[in-house]
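Undergrad: Quick one, fold the following:
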Amino acid sequence: MAQTEARGAKARVEKMRDEFAERVAGSLSQGVVPWQDKKLPIPPVQSAVSGGKYGGVNMLYLLEKCARESYDDPRFITASAANEHGLWVRKGERGVPLERWQEKESGKVEAQVYTVFNVKQLSGDLSKLPTSESPLTAVGTEKAEQMLKNAGVDVQSGSSVKDFQDAIKKLVAKFAEEAGYRRDVHTPELMALRNNIASTVVMREAGLPVEQAEGLPTKSWASSIHHDPSQLYKATRDGSHIAKSVIGSMTQEREENLFRAGQQRIEAQKAQEIVAEAVTVPRGADFNLFGGPNADLSATQETVVAATAKAATQVNELRASATRHETSAAPSKFTEAREAAKKHLGSGAIVTNAQPDKTYGGKIVGVLDNGPDKTAIQVISDNHAVLHTVRDIAAKSSLNIGDDVNLSVNEDGDSVVQGRAAEKAKKAELAREGMKR
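TA: Below is the predicted model of the structure:
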């Protein structure tokens, strides 16, 4: 039964893709790029519940729906989720089928299809949604300017929107070239299609309008897609990877600032504890610290002043240590991590902090020594590496470069490491058993 359902879902996805590719080819043959329609909302298409952004081919499905129906709101939601928030889909409205791929315990990847609706297709009070306000659609360049600056691209303040759009297109082309995305999308025309899709994603993320440029080889794109629909999906896949890498480079400084802010909060908490210990006398405490219950006021005052001065010295030392950490450790950590990741993933690698208590699977490609703690660099996908800050990592977990592990670290820096060899062997065995049946 389950296998029949899986085959049915895969067949439905294939039909969805073929029909969509034909519609896209039809639009392109008329010189129109569906995902760059002027009527489209500026922000990325996203979940009306979580605010998460849709990517890949699902993004194209939804952008085409917005253009076709002139939706100015980028938020989408399933019918069941809408019902949970006291809303309902109006009678006669048609949703957009999306695809989801999941890896089963057997190791097989199976397709699933689910349907979403634009919030404009709902009845009820939209303020009940977690994302109660429609994302801003005003055109501005502040966000794009900061993101480009983070990526090392200098665009002067006051430049036109087109200047920022052109800067993003160049950055996308640079990342695509350096990352070597030429395996499947290899003709100049299809590379242009791939970069066009990537630029669309990055521009929306940067809050810029996406406008169709003149002179695009749309008829060539249409011909390629008409003869081989898979070309559209290969370009979309690679374009999405490139966009993710570019956005990662444009938001890297934010990651470093978050790291610094976290360290400052820790140091501030330590300082508060030092001061509290120096000047606070708990009820019922031994007053010998202050010369005993019969000590005179002057002696007590001198003791308090001395304790406060000592605390001030400790706080100053703590501040100096934090400043050194802020100016050297954090940038060094991210710089080293990026360089180590690039050796394995290419220059477009995304490097982010691992979330506490979340388990990541992949190879350890580097272990950085940051004083009392160590930072493990783990590659979790073709272009993404995460950083784990682990206390006494070598002694506690015997983690070595090249280890293929499932790794999670809690907020205290304690790690849980499990080798993936047994897990992979189990999946392979299940797969072999499935083939025998």
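
Undergrad: Now the helix or strand hosting Glu99: buried residues?
TA: Using DSSP states H and E, Glu99 sits within strand 96-103. Using 16 or more other Cβ atoms under 10 Å as the test for burial, strand 96-103 gives 96-99. Using the backbone N, CA and C atoms, a C-beta is placed for each residue, glycine as well.

Undergrad: swap in stretch 359-368?
TA: 360-368.

Undergrad: So which of those residues is the closest to Lys108?
TA: Nearest to Lys108, judged by Cβ to Cβ, of the buried residues of stretch 359-368 is Gly361 at 17.2 Å.

Undergrad: Now do the same contact list for the closest one.
TA: Shown in contact with Gly361 (Cβ atoms under 8 Å, 6 or more residues apart in numbering): 380, 404-407, 420.

Undergrad: Determine the three-state secondary structure at Ala385.
TA: When classified by DSSP: H, G, I helix; E, B strand; the rest coil, Ala385 comes out as strand.

Undergrad: Quickly note the distance from it to Gly402.
TA: 14 Å (Cβ to Cβ, to the nearest Å).

Undergrad: Can you pick out the most distant pair from the buried residues of stretch 359-368?
TA: Spanning the widest gap among the buried residues of stretch 359-368 are Gly361 and Leu368, at 20.3 Å by Cβ to Cβ.

Undergrad: How is Ser223 assigned, secondary-structure-wise?
TA: Secondary structure assignment for Ser223 (three-state DSSP): helix.

Undergrad: Buried ones in the one helix or strand Val379 maps to, by neighbour count?
TA: Assigning secondary structure by DSSP H and E places Val379 in strand 373-381. Within strand 373-381, the residues scored as buried using 16+ other Cβ under 10 Å are 373-380.

Undergrad: Who are the packing partners of that strand?
TA: For strand 373-381, the elements it packs on are helix 330-345, strand 360-370, strand 384-391, helix 393-397, strand 404-409, judged by 3 or more Cβ pairs under 8 Å, 6 or more residues apart in numbering; DSSP states H and E.

Undergrad: rerun that using 6 Å as the cut-off
TA: Judged by 3 or more Cβ pairs under 6 Å, 6 or more residues apart in numbering; DSSP states H and E, the packing partners of strand 373-381 are helix 330-345, strand 360-370, strand 384-391.

Undergrad: out of those, deepest packed?
TA: strand 384-391 (a mean of 22; mean count of other Cβ atoms under 10 Å).

Undergrad: roughly how far apart are the residue lying closest to Lys343 once chain neighbours are set aside and Gln30?
TA: Among residues not flanking Lys343 along the chain, Val365 sits closest, at 7.5 Å (Cβ to Cβ, 6 or more residues apart in numbering). Remark: distance between Val365 and Gln30 (Cβ to Cβ) = 47 Å.

Undergrad: just Leu171 next, same as before
TA: Separation of Leu171 from Gln30 (Cβ to Cβ): 30 Å.

Undergrad: Which one's more surrounded, the two?
TA: More crowded of Leu171 and Gln30, by other Cβ atoms under 10 Å: Leu171, with 22 against 10.

Undergrad: Next SSE downstream of the helix or strand where the more buried one lies?
TA: Following DSSP H and E, one finds Leu171 within helix 161-179. Toward the C-terminal end, the helix or strand that comes next after helix 161-179 (DSSP H and E) is helix 188-205.

Undergrad: Give me the mean pLDDT for that following helix.
TA: Confidence for helix 188-205, expressed as mean pLDDT, is 91.

Undergrad: picking that back up, following the strand holding Glu99, which helix or strand comes up?
TA: Next element after strand 96-103 (DSSP H and E): strand 109-118.

Undergrad: Show me what counts as buried in that following strand.
TA: Across strand 109-118, burial judged by 16+ other Cβ under 10 Å covers 110-111, 116-118.

Undergrad: Ok, stretch 11-18 next?
TA: Using 16+ other Cβ under 10 Å as the test for burial, stretch 11-18 gives 13, 16-17.

Undergrad: Output that stretch as CSV - backbone C-alpha positions only.
TA: Only the C-alpha atoms of stretch 11-18 are listed here, as CSV (Å, rounded to 0.1, in the frame of the first residue of the first chain):
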residue,chain,number,x,y,z
ALA,A,11,3.8,10.1,-10.9
ARG,A,12,1.9,13.2,-9.8
VAL,A,13,5.1,15.2,-9.3
GLU,A,14,6.3,14.2,-12.8
LYS,A,15,3.0,15.3,-14.3
MET,A,16,3.1,18.6,-12.3
ARG,A,17,6.6,19.3,-13.6
ASP,A,18,5.8,18.5,-17.2
